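In: heads up, no residue letters with this:
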């Protein structure tokens, strides 16, 4: 079998598997209706599953404006404050740093 024939066979099975998966039929019923053996379908599904990369899905990303931050460095420790920070948490952190 030539490379072109192998590629054509592979592409035919890719299409058949897509048709099978969209059909909602069991493997046995789909194969019986089309004259294939169920083990052929299973073989090609396994073979192609490992060869086809996962579908790439692109997601939108809205970066927007950067949030203003305040960074306080004390020795090797730094505290980054962003809008909406909890004042009580900040006071607690400062007290903890003072005790070190």
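Out: Done, it's in. Just so we're clear, the structure is a prediction, and the values are computed from it rather than from any experiment. Numbers count the residues shown, from 1 in each chain.
In: count of residues packed around residue 84?
Out: 6 (other Cβ atoms under 10 Å). Every residue, glycine included, has its C-beta placed from N, CA and C.
In: an error on my part: the question was meant for residue 50.
Out: The burial count for residue 50: 6, using other Cβ under 10 Å.
In: try residue 13
Out: By other Cβ under 10 Å, neighbour count at residue 13 equals 19.
In: give the contact list for it.
Out: Residue 13 makes contacts with 44, 48, as judged by Cβ atoms under 8 Å, 6 or more residues apart in numbering.
In: check the offset of the helix or strand hosting it from the chain's centre.
Out: Using DSSP states H and E, residue 13 falls within helix 3-23. Relative to the chain's own centre, helix 3-23 is displaced by 24 Å; criterion: Cα atoms, centre = their mean, to the nearest Å.
In: got it, and stretch 26-39?
Out: That offset, for stretch 26-39, works out to 31 Å (Cα atoms, centre = their mean).
In: and that stretch, which residues are buried?
Out: Residues 30, 31, 36 are the ones in stretch 26-39 that count as buried (16 or more other Cβ atoms under 10 Å).
In: so what are the domain limits for this structure?
Out: Domain ranges of the chain: 3-51, 70-99, per automatic domain parsing.
In: hmm, back to that, among the buried residues of stretch 26-39, name the ones in helices.
Out: 30, 31 (DSSP state H).
In: chain center to stretch 30-44, what's the gap?
Out: For stretch 30-44, the distance to the chain centre is 30 Å (Cα atoms, centre = their mean).
In: give me the below-cutoff pLDDT ranges for this protein.
Out: 52-56, 100 (pLDDT under 70).
In: helix, strand, or coil at residue 73?
Out: Judged by DSSP: H, G, I helix; E, B strand; the rest coil, the three-state class of residue 73 is strand.
In: now it: how far from residue 79?
Out: 8 Å (Cβ to Cβ, to the nearest Å).
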